[in-house]
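# generate a structure from the sequence data that follows.
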Amino acid sequence: MQSLIRERFWIIRARKTIKSILNECFICARFKVKSLSSGPSPLPPDRVTDCAIFEVVGIDLAGPLFLKTGQKVWITLFTCAVYRALHLELVNALSSDAFLLALRRFIARRGRPRIIYCDNGTNFRGAFNDLAKLDWHKISRETSTQKIVWKFIPPTAASWGGWWERLVRIIKELLRRSLGKSILSYEELSTVIYDCEFLINSRPLTYISENPQELIPLTPAMFLIENRCSDTTDIDKLNSRDLRKRMKYRI
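Okay, here's the model as predicted:
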């Protein structure tokens, strides 16, 4: 428009005048309007309140994975809501009994959680119903064990569990890149799962600056173990015969 006007006239501060006229045009405003973007919502109090590691956890399942025997297994994921640490367990069925055994192994190694977040899976609901039948008042009087608080996210709101769904995606990517189409035994798969657990717990929780003077970013592994060197010898490189046999599964 400004170029057409200057073919015959020279208007002082023409650009500013044209913009002011266009800004008052309701038809133009309808096409230039931008949708309002809301900022991120505040985190729940359980995710920002100081507590012990794995005191507040989120639980989910990933899988299935197939073993050499043809059996299917699933990965049970326990993640800390505050420190973002991860604990993985293998289960051989999507049942309440199998999940309770995985929860028992988790408590034996990491301690009993105070609050558990999870979705509305039938195995989680079944475990909650089984634990709810216990006389927790009597247990609290006779022991120091307190009742675990279960918090289920809404059935159609998977985004409420985004803080553990993101870790499920990372686990799947690691297994897809490291295993490909390989089929392992239970012991071999357990080793790979625990290696993935260590790698995920070694991820930085904050931005890594290019400045060498900046402090080392915190990782979940720093809150779990004091010795950060957990590298082990790759057994596959020591036995070339087993390595050739494994390559057959990738072809």
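
# residues in contact with Glu55?
Going by CB atoms under 8 Å, 6 or more residues apart in numbering, Glu55 touches 80, 82, 111, 113-115. Quick note: C-beta positions are derived from backbone N, CA and C, even for glycine.

# can you check Ile107 too?
Pro113.

# ok, then the element right after whatever helix or strand it lives in?
In this structure, Ile107 is located in helix 96-110 according to DSSP states H and E. Remark: after helix 96-110, the chain's next helix or strand is strand 115-118, criterion DSSP H and E.

# the residue most central in space within the chain and Arg84, how far apart?
The centre of the chain sits closest to Leu167, judged by CA atoms, centre = their mean, with a distance of 2.4 Å. Taking CB to CB, to the nearest Å as the measure, Leu167 falls 8 Å from Arg84.

# so is the closest residue to Arg109 other than its chain neighbours in a helix, a strand, or just coil?
In space, Arg109 comes closest to His87 once its chain neighbours are excluded; the distance is 7.4 Å by CB to CB, 6 or more residues apart in numbering. When classified by DSSP: H, G, I helix; E, B strand; the rest coil, His87 comes out as strand.

# just give me the neighbour total for His87.
21 (other CB atoms under 10 Å).

# dig out what it forms beta bridges with.
Applying DSSP bridges to His87 gives these bridge partners: Phe78.

# ok, now Lys151?
Tyr117.

# quick one, strands of the stretch 1-150 of the chain?
56-66, 72-80, 86-91, 115-118, 149-152 (DSSP state E, counting those that start in this stretch).

# can you redo those strands as CSV with mean pLDDT and distance to Gly180?
Formatted as CSV, these follow (pLDDT from 0 to 100; distance: least, CB to CB, whole Å):
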stretch, mean pLDDT, distance to Gly180
strand 56-66, 86, 13
strand 72-80, 89, 17
strand 86-91, 90, 19
strand 115-118, 85, 30
strand 149-152, 82, 36
